[in-house]
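Trainee: I would like the atomic coordinates for the input below:
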Amino acid sequence: MNYTTSIIERVNKQAIIYNNPLRTGFDLSIQSYKDLIDNHYISGIKEAGNPQKISELNEVIDSPLIYFAGGEKELEKKICLGYNGLSSIAGNLYPLEVKQWFDSLLKKEDTQDYNLLKNKIDKLFEDSPLPLIKNEISIIENINFGICRTPLGN
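Mentor: Residues are numbered from 1 along each chain as shown. This is a model prediction of the structure:
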């Protein structure tokens, strides 16, 4: 809390809290979220831990926030829990399709079949997505990104 508070106070502008217990080794509690939101200008949260936290948090705070789903995995379920924003990896390759799908989920519209997009997203995450994204953007944008090294140990 001290670390997060000191950063937020120094930058003196709106912030998005990114809770990612698998990467950081700690998990913000609902009370910690509430304290940060009540005392600082927090405009959004990206919750990569327990998706249920968004529903719980919504019950104890007064200010509206953007709740970012970290990726497209279980997106429909996350929207039902209260997520209303998307931090998308697949959107780098399929920006219009991902936005259209996300918007339709938010509006609870089932007017189109998004199985083709979902298949593309599944294919993207079959292996490490970064090399594929880098290669595809190189082709689409005609920008030579060079090779993409795989993580050490692969």
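Trainee: contact partners of stretch 111-125?
Mentor: Residues outside stretch 111-125 that contact it (Cβ atoms under 8 Å, 6 or more residues apart in numbering): 72-73, 89-90, 93-94, 97-98, 100-101, 104, 132-133. Heads up, the C-betas are built off the backbone N, CA and C, glycines and all.
Trainee: just name the closest of these to residue 40, please.
Mentor: residue 89 (27.9 Å; Cβ to Cβ).
Trainee: residues near that closest one, how many?
Mentor: Neighbour count for residue 89, taken as other Cβ atoms under 10 Å: 17.
Trainee: surely it touches residue 95?
Mentor: No: judged on Cβ atoms under 8 Å, residue 89 makes no contact with residue 95 at a distance of 11.4 Å.
Trainee: show me the shaky parts of the chain.
Mentor: Of all residues in the chain, those with pLDDT under 70 make up the ranges 150-154.
Trainee: and the helices in it?
Mentor: Assigned by DSSP state H, the helices in the chain fall at 2-11, 21-24, 30-39, 52-60, 75-81, 95-106, 115-124, 129-141.
Trainee: how close does residue 93 sit to residue 125?
Mentor: 12 Å (Cβ to Cβ, to the nearest Å).
Trainee: and residue 102, by the same measure?
Mentor: 17 Å.
Trainee: ok, residue 134 next?
Mentor: Using Cβ to Cβ, residue 134 is found at 15 Å from residue 125.
Trainee: please apply the same query to residue 139.
Mentor: Taken as Cβ to Cβ, the span from residue 139 to residue 125 is 19 Å.
Trainee: so these two - more neighbours on which side?
Mentor: Neighbour totals were compared for residue 139 and residue 125, and residue 125 leads with 14 against 9 (other Cβ under 10 Å).
Trainee: could I get the contacting residues of residue 81?
Mentor: With Cβ under 8 Å, 6+ apart, residue 81 has these contacts: 51, 52, 54, 55.
Trainee: please report which of those residues has the highest neighbour count.
Mentor: Counting by other Cβ under 10 Å, top hit in the contacts of residue 81: residue 54 with 20 neighbours.
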